[in-house]
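Student: sequence and predicted model, in that order:
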Amino acid sequence: MQYRIDKKSGKKLSVLGLGCMRFPKNLGNIDLKKAENIILSSIDKGINYFDTAWIYRGSEEALGVILEKNSLRDKVYIATKLPAMLIGKTKDFNHFFDEELKRLRTDRIDYYLIHNLPDLVSWEHLVRLGIESWIEENKKNGRIDQIGFSFHGTADEFLKILDAYPWEFCQIQYNYSDENYQAGIRGLKKAAETMPVIIMEPLLGGKLANNLPKEAQDIFKKAHGALSPAAWGLRWLWNQEEVTVVLSGMSDPAQVTENCALTDPCTAGSLTEEELSTYRLVKEVFNKSNKIPCTGCAYCMPCPGGVNIPGCFTAYNTSYVMGWGAGMQQYIMGTGIVSSECYSPVKCTACGKCERHCPQKIPITESLKIVRKRMEPFPVRLILKAVRAFFRLVKKKK
C-alpha cells in the first residue's frame, strides 16, 4: 500500500480509501457478512481511510458494528458527514452528530465533512446558525479531529468556499472523463496547496469500470491488455501528486485485492506520455455515449412519485453503449414492468425535489421525458401498459 501525507495533521493516509456508500445489500439492507469481509480485507491490505455518511442508509451502523466487533477502531480513520441539506436549526448540529457517534460506536470522528456544499451561500447559512463555534467546541473536546467539506458545484464556488474557513481537508468528484467538471483540476490544485484532497466518484459510479463502450475497452486493451478499465481509472488519479486519497466503493474482497495491488507502482508522475494519450482517446469515445451524467449516487431518491430515477438513467445510457436491446432489458427490470408496480418516468409529477438534491445538477424532469421517449416509444408503450395491467391483475387475484 502506498501512503501520502496529510499536510495539515501529518497523518499517513492510504492512497486507496474504502467508500462505504455501496456496501452489498440483501433485500434492501446491508449484508453485514459481506460488508465485514470487505472491511477486513481492506484493513489487512493497508487501507486506513473509511468514508461514510448520514444519508448512506445503514452504512454508518454497519461500519461501526464491524469495527467494534473486530476491535479495529484504532487502526483506521473514519470519515463521515454532517447532512448540511437537513440543517435548519442550531440544535440540529448536535442532533445529527451525536447520532452518528452512536451509529459508528465511537467517541470521535477523525475526518468530519460538511456534506455536499454546492456554493458559498449554503456555507453562510450554516455560519449564521453558529457552525463555526460548534466546530471549535467539538475540536477542543476531541470529538472532531479534522474538519472539511465535500463539494458538488462550480469551480468558482469551490474556490470561494476554500477561502471562507480554515478547512483541513476537502472531498471532490474527479476522474479522467472530465477533469474540468465541478471543482475540477483548477480546484484540485488550489486546495492541494494547503490540505489533503479526497477524491470521490473516481470511476463515475462504476461507469468507467463496467460500462465503458466496447470501443473504449479495446483502446485500453491495445495499450495494456492486463489492466482492467477500473485500474486505468485509478492509475490516472494516483499519477497526480495533488491527490491524497481515492475512494473506491469496492463491493467484494476480490476488488479490494485488485485495487490494492495497483497502489505501489502508481506514484505521482509515473504515467508515460503514451499512456496519457490513451486516456484522451478513451475519454473521447466515452463522452459520446454517456448521454446523462448520472453516477447512481441516489441522492435524488426516494422519488415522491415512485420513479426509479437512477435505474432509468442507467438503462438509457446503456442503450447507447451496448445497444437498445440491452438498455431495454435493464429498463424492464429497473422500472417494475415485470411486476404489479411501476417505477418508470410515467410516474414523474415534476415536483422538482430530485433536482434540488442532485449533485450533478441534472435537469432530471426533462431528462426523464427524454428517457421515456427513447425507451417507451408509442408501440412499446402500449405493450408495457398491457404488461403492467396483467401483473396488477395477477397480484389482485392472489
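Tutor: That came through fine. In this text the structure is predicted, and so the values were computed from the model without any measurement. Numbers count the residues shown, from 1 in each chain.
Student: measure the closest residue to residue 56 other than its chain neighbours to residue 52 for me?
Tutor: Leaving aside its sequence neighbours, residue 56 sits nearest to residue 21 (C-beta to C-beta, 6 or more residues apart in numbering; 4.6 Å). C-betas here are computed from N, CA, C, even on glycine. Going from residue 21 to residue 52 by C-beta to C-beta, to the nearest Å gives 7 Å.
Student: same check on residue 94?
Tutor: 19 Å.
Student: go on, residue 264?
Tutor: For residue 264, the distance to residue 52 - C-beta to C-beta - is 26 Å.
Student: which residues touch the one helix or strand residue 33 maps to?
Tutor: Element membership for residue 33 (DSSP states H and E) is helix 32-44. For helix 32-44, the surrounding residues in contact (C-beta atoms under 8 Å, 6 or more residues apart in numbering) are 18, 23-24, 50, 62-63, 65-67, 69-70, 72, 75-76, 250-253, 256-257, 260.
Student: buried ones in stretch 264-278, by neighbour count?
Tutor: Buried residues in stretch 264-278, counting neighbours by 16 or more other C-beta atoms under 10 Å, are found at 266, 271, 275, 278.
Student: can you give me the strands in this protein?
Tutor: With DSSP state E as the criterion, the chain has strands at 3-5, 12-14, 16-19, 25-26, 29-30, 49-51, 77-82, 109-117, 144-151, 169-173, 197-200, 245-248.
Student: touching, residue 249 and residue 16? I think so.
Tutor: No. With contacts counted by C-beta atoms under 8 Å, residue 249 stays clear of residue 16, the gap being 11.6 Å.
Student: for these two, indicate the residue with more neighbours.
Tutor: Neighbour count, other C-beta atoms under 10 Å: between residue 249 and residue 16, residue 16 has more, with 29 against 20.
Student: in stretch 17-29, which residues are buried?
Tutor: Residues of stretch 17-29 classed as buried: 17, 18, 19, 20, 21, 22, 23 (neighbour count, 16+ other C-beta under 10 Å).
Student: off-centre distance for it?
Tutor: 12 Å (C-alpha atoms, centre = their mean, to the nearest Å).
Student: let's test this: name the helix or strand in this structure with the lowest mean pLDDT.
Tutor: Ranked by mean pLDDT, DSSP states H and E, the weakest helix or strand in the chain is helix 378-397, scoring a mean of 66.
Student: pLDDT at the nearest residue to residue 185 once chain neighbours are set aside, what is it?
Tutor: Nearest residue to residue 185, sequence neighbours excluded (C-beta to C-beta, 6+ apart): residue 179, at 4.7 Å. Model confidence at residue 179, given as pLDDT, is 85.
Student: ditto for residue 24
Tutor: For residue 24, the pLDDT comes out at 91.
Student: quick one, phi psi at it?
Tutor: Backbone torsions of residue 24, given as degrees, to the nearest 10, read phi -60, psi 140.
Student: kindly report the same for residue 165.
Tutor: Torsion angles, degrees, to the nearest 10, at residue 165: phi -160, psi 150.
Student: what's the neighbour count on it?
Tutor: Residues lying near residue 165 (other C-beta under 10 Å) number 17.
Student: average pLDDT for the helix holding residue 33?
Tutor: 96.
Student: how about stretch 271-288?
Tutor: pLDDT averaged over stretch 271-288 gives 92.
Student: ok, stretch 322-329 next?
Tutor: 79.
Student: for the strands of the chain, give me TSV that also has distance to residue 219.
Tutor: Listed next are the strands of the chain as TSV, based on distance: least, C-beta to C-beta, whole Å:
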stretch	distance to residue 219
strand 3-5	29
strand 12-14	30
strand 16-19	25
strand 25-26	33
strand 29-30	36
strand 49-51	31
strand 77-82	34
strand 109-117	34
strand 144-151	31
strand 169-173	24
strand 197-200	23
strand 245-248	22
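Student: which one of those strands lies closest to residue 239?
Tutor: For residue 239, the closest of the strands of the chain is strand 245-248, at 11.0 Å, according to C-beta to C-beta.
Student: so what touches the closest one?
Tutor: Applying C-beta under 8 Å, 6+ apart, the set of residues contacting strand 245-248 from outside is 4, 13-19, 49, 51, 171, 196, 198-200, 202-203, 234, 237-238, 255, 259.
Student: check contacts around residue 110.
Tutor: Shown in contact with residue 110 (C-beta under 8 Å, 6+ apart): 77, 78, 79, 145, 146.
Student: can you check residue 277 too?
Tutor: Counting by C-beta under 8 Å, 6+ apart, residue 277 has no contacts.
Student: what of residue 196?
Tutor: By C-beta under 8 Å, 6+ apart, residue 196 lies in contact with 4, 6, 7, 8, 13, 169, 244, 245.
Student: can we see that at 7 Å?
Tutor: Contact partners of residue 196, counting by C-beta atoms under 7 Å, 6 or more residues apart in numbering, are 6, 7, 8, 13, 169, 244.
Student: what of residue 365?
Tutor: Contacts for residue 365 (C-beta under 7 Å, 6+ apart) come out as 348, 350, 352, 355.
Student: out of the residues you listed, which is most surrounded?
Tutor: Counting neighbours by other C-beta under 10 Å, residue 348 comes out on top of those with 21 neighbours.
Student: low-confidence regions, the protein specifically.
Tutor: Filtered on pLDDT under 70, the chain yields the residue ranges 336-341, 384, 387-398.
Student: got the domain ranges for it?
Tutor: 3-289, 309-397 (automatic domain parsing).
Student: how close does the residue lying closest to residue 154 once chain neighbours are set aside sit to residue 237?
Tutor: Take residue 154 and drop its neighbours on the chain: the residue closest to it by C-beta to C-beta, 6+ apart is residue 182, 7.1 Å away. Note on residue 182: its distance to residue 237, by C-beta to C-beta, is 15 Å.
Student: just residue 101 next, same as before
Tutor: From residue 101 across to residue 237, the span is 31 Å (C-beta to C-beta).
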